[in-house]
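Q: I would like the atomic coordinates for the input below:
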Amino acid sequence: MKILRCVSVKRLLLMSLLASMPVLAAGQTTSQARQLNSADLKQIIGELQVVSSELDQLLAMSGDDSTTSTSDVTVVKGDYLSALARKHLGSASRWPELVAWNQDRYPSLLKNPDLIHIGWKLRMAPPSAAKTSNNAPASTKPISLSSARTANTASFAPATSTSARSSTANNAGTSVGTTAGVAAAPDGSLTSRAVPAGVPIIKSNSTVLHIGDSHACGTYGKAIDEMMRETGATVNTIGVSGSSPSWWFNGTVGKSGYYAKDENGRVDQPADWRTPRATPNLKTLIKEKKPDVLVVSLGANLIGGSDAAIINQVRSICQVARENNTQLVWVGPPDGREDKKSTAAQTRLYLALKSAVSEYGATFIDSRPYTEYPATGGDGVHYSGTEGSRIAREWAKSVYNTIQGK
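A: Now for the predicted structure:
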């Protein structure tokens with residue numbers, strides 16, 4: 001009530017001061033009225049700022065830390081930290097600040113920042129020093145992606161996992177979102193579609209450009225290409241082994257595999273996979289093919305990069321899609337075997353990928369639930385052989401079904 005009263009006083013004060021401003025007198029021009037009111041307006045603004053500052057100080061001293069403030073937001077179904085950060089702080093990438101500002105209320109955020117629960121009251125501004133339980137100044141320093149992940153690298157496990165069950169039980173709430181993503185899928189993955197459930201993204205009159213790395217050159221890329229063509233859409237698929245997003249802007253020459261299939265079904269795949277091929281320029285491809293849907297199967301080759309490097313590379317593709325009014329679907333990399341790509345490293349990669357993609361409101365598909373890598377055989381990264389090819393085809397089918405809202 002104290003807070004609401006102070007806010008009401010502010011509004012009344014503003015209305016009173018505005019009402020006291022001179023109005024246009026008979027015979028005065030608008031220009032003359034503006035000149036006449038200039039000094040008065042400056043004085044009014046100055047007085048309002050002084051009083052507003054005093055009221056803010058009163059607000060900071062009123063109530064204890066459990067008191068709900070005007071900066072609090074109650075979590076509802078469908079909320080997630082990056083969206084709240086985008087709405088209230090102006091940037092989805094500022095979600096770590098929300099963790100820092102609310103970890104005293106909900107300690108599980110620091111250990112498991114991917115989970116928030118219905119009914120939580122989250123601060124959208126740093127708590128004042130007067131409201132902290134130990135009367136010490138509250139830290140407003142944003143935490144990094146890496147520090148938020150340190151305590152729990154398996155925080156994106158399906159909802160049936162031990163960590164997810166214990167988190168839900170301890171907080172007596174319903175998990176509704178993820179740190180870096182749009183809302184988590186029912187299986188606990190980071191998958192989210194930018195269109196309503198049941199609405200296909202690729203239609204018979206769509207023009208689709210699919211770009212990717214070595215997985216797009218193999219069974220997965222060829223299988224999903226066929227599925228997309230079966231809709232009647234015009235499809236172009238290009239895969240460059242070893243590629244990361246930056247390659248698609250700087251024309252890096254790949255020497256470990258290339259595959260392309262154009263809108264007429266013509267395939268370009270060198271007999272010798274070591275044949276050097278320059279990576280096509282994405283901006284040129286979009287200009288030539290004019291896709292209304294861009295499917296990107298990239299990210300695996302970013303696993304060793306810093307969070308900032310990953311996010312910046314992903315943003316570059318997202319921005320091109322936005323500038324060309326092209327609907328973007330980003331397919332995350334598949335699960336790799338633990339001896340090649342640790343769960344912690346893959347989780348870290350996914351957090352950064354999703355953080356960037358979610359800023360643009362694009363569809364993001366978490367491939368890990370569809371791709372359990374065989375315990376033996378293969379290189380631990382690529383899917384080959386009878387079992388690997390089966391997994392790759394199932395992966396392609398699951399990704400396609402997600403794109404189409406099935």
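
Q: Can you give me the neighbour number for E230?
A: If you count neighbours by other CB atoms under 10 Å, E230 ends up with 12. All C-beta atoms are positioned from the backbone trio N, CA, C, and that covers glycine.

Q: now S316
A: Other residues within reach of S316, judged by other CB under 10 Å, total 15.

Q: Could you confirm it falls within a strand?
A: No. According to DSSP: H, G, I helix; E, B strand; the rest coil, S316 belongs to no strand; its state is helix.

Q: What values do phi and psi take at H210?
A: Reported as degrees, to the nearest 10, the phi and psi values for H210 are phi -120, psi 120.

Q: Let me fix that, I meant to ask about G212.
A: With angles defined as degrees, to the nearest 10, G212 sits at phi -170, psi -170.

Q: For burial, what's the neighbour tally of it?
A: The burial count for G212: 27, using other CB under 10 Å.

Q: Give the bridge partners for it, please.
A: Per DSSP bridges, the residues bridged to G212 are G239, S297.

Q: wait, it sits on G239?
A: Yes. G212 lies in contact with G239 (CB atoms under 8 Å); the separation is 4.8 Å.

Q: shared neighbours of the two, anything?
A: Shared between the contact lists of G212 and G239 (criterion: CB atoms under 8 Å, 6 or more residues apart in numbering) are residues 221, 297.

Q: How about P196: what's its closest non-neighbour residue?
A: Take P196 and drop its neighbours on the chain: the residue closest to it by CB to CB, 6 or more residues apart in numbering is G405, 7.6 Å away.

Q: That neighbour is in what secondary structure piece?
A: Assigned by DSSP states H and E, G405 falls within no helix or strand.

Q: quick one: it from E394, how far?
A: G405 sits 18 Å away from E394, going by CB to CB, to the nearest Å.

Q: returning to what we had before: could you count how many residues lie near the residue nearest to P196?
A: Using other CB under 10 Å, the number of residues around G405 comes to 13.

Q: show me the contacts for it.
A: By CB under 8 Å, 6+ apart, G405 lies in contact with 193, 195-201.

Q: Lowest pLDDT pick from the residues you listed?
A: For the contacts of G405, the weakest pLDDT value sits at A197, with 85.

Q: residues touching that one, list them.
A: Counting by CB under 8 Å, 6+ apart, A197 touches G405.

Q: And what about it, helix, strand or coil?
A: Applying three-state DSSP: A197 is coil.

Q: SS state for W101?
A: helix.

Q: number of nearby residues for the residue nearest to it when sequence neighbours are not counted?
A: In space, and not counting its chain neighbours, W101 is closest to R123: 4.6 Å by CB to CB, 6+ apart. Number of residues near R123 (other CB under 10 Å) recorded here: 21.

Q: Let me know whether R123 touches L84 as I believe.
A: No. Applying CB under 8 Å, one finds R123 not in contact with L84, separated by 10.5 Å.

Q: what touches both of these two?
A: Common contacts of R123 and L84 (CB under 8 Å, 6+ apart): L98.

Q: just checking, V76 is part of a strand?
A: No. Under the criterion used here (three-state DSSP), V76 is coil, not part of a strand.

Q: ok, it to P107 distance?
A: 22 Å.

Q: can you check K121 too?
A: 15 Å.

Q: helix or strand for E338, which one?
A: Per DSSP H and E, E338 falls between elements, in no helix or strand.

Q: What does it show for phi and psi?
A: Phi and psi for E338, reported as degrees, to the nearest 10, are phi -60, psi -30.

Q: That one: neighbour count?
A: Using other CB under 10 Å, E338 has 14 neighbouring residues.

Q: One more: the one 3 residues further on?
A: Other residues within reach of K341 by the criterion other CB under 10 Å amount to 20.

Q: again with the one 3 residues further on
A: Neighbour count for A344, taken as other CB under 10 Å: 14.

Q: cool, the one 5 residues further on as well?
A: Other residues lying near L349 total 21 when counted by other CB under 10 Å.

Q: ok so it is a helix residue?
A: Yes. L349: assigned to a helix according to three-state DSSP.

Q: ok, now how distant is it from S384?
A: 22 Å.

Q: same deal with P196?
A: Per CB to CB, P196 is found 37 Å from S384.

Q: out of these two, which sits in the busier spot?
A: Neighbours were counted for P196 and for S384 using other CB under 10 Å; S384 has more, 13 against 7.

Q: Chain neighbours aside, what residue packs nearest to that one?
A: In space, and not counting its chain neighbours, S384 is closest to G378: 5.5 Å by CB to CB, 6+ apart.

Q: Look at the one you found and give its secondary structure.
A: Recorded secondary structure, G378: coil (three-state DSSP).

Q: I'd say it and G388 touch.
A: Yes. Using CB under 8 Å, G378 is in contact with G388, at 5.2 Å.

Q: that older thread, for the residue nearest to S384, what are its contacts?
A: Contacts of G378 (CB under 8 Å, 6+ apart): 337, 384-385, 388.

Q: What is the burial count for the closest residue to V76 other than its chain neighbours?
A: The shortest distance from V76 to any non-neighbouring residue, by CB to CB, 6+ apart, is to I118 (6.3 Å). By the criterion of other CB under 10 Å, I118 has 16 neighbours.

Q: Quick one: find the helix or strand in the protein with the lowest mean pLDDT.
A: None of the helices or strands of the chain scores lower by mean pLDDT, DSSP states H and E than helix 162-171, at a mean of 27.
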